[in-house]
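Asker: A predicted structure for the sequence below; I have some questions about it.
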Amino acid sequence: MRQSAILLLPLLLLACKKDSKEPDTKQAAVHVKIGHHPKFSKGCITVEAHGGTGETERAEFKESQFDSNDPVLNVAVFRKADWARDVEITVKVFEKGCAEEQLVDERKRTFSFASAGRQEWLLENLHTADEDGDGFVPPGGPMNRGTDCNDLREAAYPGAPELCNGLDDNCDGQMETGAVNKTWYLDGDRDGFGRKGPGTEACDPPSELYVDVTGDCDDERADVHPTAEEKCNDSDDNCDGRADELFTEGPGALGTACTEFCNGAYACNDTQTGTVCVGTHPTLLYADADSDGEGEKDGASVGELCPGAPLPSMMAANTLDCDDADPDTNTQATEVCDGLDNDCDGQVDEEMSCGVLKKVEAPALAGGNWRTVAVHPSGYPVWVAGLDGRLAVKMDATSAFVSHSGDTATRCGPAGNTLDWHAAWVNPNNSYLIVVGEDGWIGEHNGGSCSPAQSNLPGNSDYFSSVVGVGNPAQVFAVSTLGQLYEWTGAAQRHDSSGRYWGLHANGNDSLYAVGSTGESSPLTPVVNLYTRTTTPAWGTPTAYNLPEIAGYNGGLRAVWAASAEHIYAVGDGGLVVKGNGQSRDWERVPPPAGPVLNYVSVAAPPEIMNAYIIGNEGSVGRLQRLTPYGWAKAPSFATGEPSVPLRDIAMTSESNFWIVGDDGNVYHFPEP
């Protein structure tokens with residue numbers, strides 16, 4: 001405890017000196033202990049004493065006299081000679097100096113000095129609060145005086161400079177009056193960042209739309225500001241002066257080429273988190289085997305085409321074609337009477353009223369095992385011939401089939417004959433029938449009578465297997481199962497070759513194509529031979545065509561048809577189809593269509609169409625198939641389903657008129673009502 005004594009001459013002593021001695025016990029004195037706040041170092045405390053009529057004594061205690069380590073001020077008051085016995089002592093507390101207007105607390109007390117001795121006055125609750133040590137105390141104490149408006153801030157007191165901090169620094173009840181030391185920026189999008197620019201200088205924001213942080217490069221978007229995450233969106237999201245900088249390097253960098261699309265380049269994805277290849281979608285391409293501008297219906301894509309690129313050959317940008325092996329079948333085609341859906345509308349021969357592929361019912365046809373059919377180019381007469389001497393003709397569209405079998409007077413061959421007829425041809429010059437078959441028999445029938453003849457075939461059980469004529473007057477040729485070519489020019493002439501012949505057809509007046517097999521016993525190898533008028537002798541030694549080797553094949557060709565010099569078709573056992581032309585020695589094989597393997601027995605092609613109609617059998621079930629230069633196309637359907645008997649031959653004048661014959665009286669015609 002600090003203790004000091006100051007003599008107020010002659011009789012009053014006020015003390016404030018550390019380590020002083022206590023007053024003499026013989027003297028009358030009051031020891032005033034004044035407690036003060038540890039940080040009251042900038043304040044002022046006064047002690048006044050007077051007794052009666054004597055002069056008042058006063059002492060002031062300021063900054064240097066306060067000790068923060070010992071917050072008690074010790075003052076000794078001694079009685080003066082001219083005072084009365086009782087002395088009044090007044091203690092006053094001032095903030096920041098000792099001016100009367102700065103008084104914040106006052107205490108009074110009267111002491112008796114009637115005798116010597118020391119008295120004490122302990123003042124512990126004087127209002128000296130000054131937490132921030134700025135010399136000013138907040139309102140309080142018994143007098144409720146004090147001017148510090150914030151005793152926790154040393155910078156807040158009366159007369160303090162007003163700062164731009166949102167606080168009342170000079171305790172005038174107002175904030176930042178007259179202070180200008182901040183720049184405010186408009187934050188229109190309320191993202192916490194004001195737009196770039198000079199801003200507005202003021203202590204307080206002009207409105208709630210202003211902030212003291214700048215740097216926003218787009219104040220209309222709250223998601224764009226200096227701390228925003230940079231997105232892939234062609235915008236500068238984080239206001240660093242760059243757009244999409246996170247997506248401009250490495251694989252998939254913005255603007256670099258990509259191959260998923262035509263003229264593809266990487267661009268921002270929909271979620272703006274990365275890049276994705278964008279560009280023009282390529283057009284899907286589909287096989288267009290027949291080059292009619294339409295791809296096969298339900299076909300799988302085989303390629304893509306970018307805009308501006310030329311369309312590759314044999315490809316189309318659609319799948320409209322219901323038969324991609326027939327150029328005359330597509331959505332732009334015209335429906336014709338041929339048993340096919342030419343315009344791909346799902347209907348066959350609609351509004352044509354032309355009929356269907358249907359079995360012909362006639363007494364003359366019943367029960368016949370028909371082997372061949374021949375048609376005049378005009379459509380009639382139509383002849384059918386078969387085993388056991390069966391022969392019948394339909395002279396015109398309105399007449400019925402008439403029998404000329406071996407048991408009739410108009411037969412071909414001896415009376416009551418049961419000759420097996422295997423091939424027939426109608427002479428286009430006079431409509432007469434040439435029919436050939438068993439044991440070298442040949443007959444010419446004019447519809448009323450027949451002129452038969454027999455050639456001596458050297459083998460046993462051999463027969464003429466095919467016949468055709470050329471020129472006008474017609475020169476007739478037939479081939480035998482012994483591999484011989486016979487010609488009738490007054491007297492029969494024979495041209496021998498090795499193997500067997502099963503089919504014969506002419507191309508013009510100077511070329512004959514004979515097909516069959518080499519050798520007479522298994523294994524058999526297919527053969528195609530060409531006879532020409534220009535050889536010496538005419539129709540002499542044939543020229544053999546080169547056919548593709550087929551591993552393990554054992555069989556022969558059964559029929560041939562020369563649609564033109566460029567399109568010649570030959571068909572045979574085990575699904576064998578070969579095609580060639582007269583200018584090349586090398587022929588090619590046509591792979592069979594999907595499905596069961598058929599044994600092909602006959603082929604015909606309408607004039608100038610180049611489409612081959614092929615007859616074949618799967619066991620005892622006959623089928624009709626169609627081959628175009630572009631592949632296997634759809635064939636007309638039998639009205640009642642595929643025949644349950646083997647089919648043997650087909651003849652046609654056009655795709656709108658053809659006949660098919662088979663076993664057990666089966667004769668079919670298109671179109672048939």
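Answerer: Thanks, I have it. Numbering: from 1, shown residues only.

Asker: shouldn't residue 360 be in contact with residue 667?
Answerer: Yes. Here residue 360 reaches residue 667: they are 4.8 Å apart, a contact under Cβ atoms under 8 Å. (C-beta placed from N, C-alpha, C; glycine too.)

Asker: neighbour-wise, which of those two wins?
Answerer: residue 667 (24 against 19; other Cβ atoms under 10 Å).

Asker: That one against residue 369, yeah?
Answerer: No. Between residue 667 and residue 369 there is no contact, the gap being 11.2 Å when judged by Cβ under 8 Å.

Asker: and stretch 241-250, what's its mean pLDDT?
Answerer: The average pLDDT within stretch 241-250 is 94.

Asker: correction: stretch 577-584
Answerer: 90.

Asker: That stretch: how far from the chain's middle?
Answerer: 46 Å (Cα atoms, centre = their mean, to the nearest Å).

Asker: Look at that stretch and report the distance between its end residues.
Answerer: With Cα to Cα, to the nearest Å applied, stretch 577-584 spans 17 Å between its terminal residues.

Asker: re the thing from before, quick check: neighbours shared by residue 360 and residue 667?
Answerer: Common neighbours of residue 360 and residue 667, using Cβ atoms under 8 Å, 6 or more residues apart in numbering, are residue 401.

Asker: Could you report the separation of residue 95 from residue 39?
Answerer: 12 Å (Cβ to Cβ, to the nearest Å).

Asker: Mind listing the shared neighbours of these two?
Answerer: Common contact partners of residue 95 and residue 39 (Cβ under 8 Å, 6+ apart): residue 130.

Asker: Tell me which of the two has more neighbours.
Answerer: residue 95 (29 against 21).

Asker: Report pLDDT for residue 490.
Answerer: 63.

Asker: now residue 601
Answerer: For residue 601, the pLDDT comes out at 98.

Asker: Tell me which strands the helix or strand it falls within pairs with, and in which orientation.
Answerer: Under DSSP states H and E, the secondary-structure element containing residue 601 is strand 599-604. Strand 599-604 pairs in its sheet with strand 612-618 (antiparallel), by DSSP bridges.

Asker: What is the distance between the partner strand and the centre of its chain?
Answerer: On the basis of Cα atoms, centre = their mean, strand 612-618 is displaced by 44 Å from the centre of the chain it belongs to.

Asker: Counting neighbours, which bits of it end up buried?
Answerer: For strand 612-618, a neighbour-count test (16 or more other Cβ atoms under 10 Å) marks 612, 613, 614, 615, 616, 617 as buried.

Asker: quick one, what contacts residue 334?
Answerer: Contacts for residue 334 were tallied using Cβ under 8 Å, 6+ apart; they are 342, 343.

Asker: give me that answer again for 10 Å
Answerer: Contact analysis of residue 334 by Cβ atoms under 10 Å, 6 or more residues apart in numbering lists 328, 342, 343.

Asker: what about it, is that helix, strand or coil?
Answerer: coil (DSSP: H, G, I helix; E, B strand; the rest coil).

Asker: For it, give its distance to residue 672.
Answerer: Note on residue 334: its distance to residue 672, by Cβ to Cβ, is 23 Å.

Asker: Flag the shaky bits of the stretch 1-150 of the chain, pLDDT-wise.
Answerer: Applying pLDDT under 70 to the stretch 1-150 of the chain flags residues 1-27.

Asker: redo that, cut-off 50
Answerer: Residues of the stretch 1-150 of the chain meeting the criterion pLDDT under 50: 1-26.

Asker: What are the boundaries of the strands in it?
Answerer: All strands of the stretch 1-150 of the chain, identified by DSSP state E, counting those that start in this stretch, fall at 7-8, 12-13, 28-35, 44-50, 57-61, 72-78, 86-94, 103-112, 117-123.

Asker: could you say what helices and strands the longest one packs with?
Answerer: For strand 103-112, the contact count by 3 or more Cβ pairs under 10 Å, 6 or more residues apart in numbering; DSSP states H and E identifies strand 28-35, strand 44-50, strand 86-94, strand 117-123 as packing neighbours.

Asker: now those in CSV, with distance to residue 537 and mean neighbour count?
Answerer: Shown next, in CSV, are the helices and strands packed on strand 103-112 (distance: least, Cβ to Cβ, whole Å; neighbours: other Cβ atoms under 10 Å):
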stretch, distance to residue 537, mean neighbour count
strand 28-35, 158, 20
strand 44-50, 158, 22
strand 86-94, 158, 20
strand 117-123, 162, 15
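
Asker: Throw those into JSON lines and include distance to residue 184, thanks.
Answerer: Below are the helices and strands packed on strand 103-112 laid out as JSON lines (distance: least, Cβ to Cβ, whole Å):
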{"stretch": "strand 28-35", "distance to residue 184": "48"}
{"stretch": "strand 44-50", "distance to residue 184": "43"}
{"stretch": "strand 86-94", "distance to residue 184": "41"}
{"stretch": "strand 117-123", "distance to residue 184": "51"}
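
Asker: neighbours of residue 354, just the number please.
Answerer: As a burial measure, residue 354 scores 17 neighbours (other Cβ under 10 Å).

Asker: Contact partners for it?
Answerer: Each residue near residue 354 by Cβ under 10 Å, 6+ apart is listed here: 336, 337, 338, 339, 348, 656, 657, 670, 671, 672, 673.
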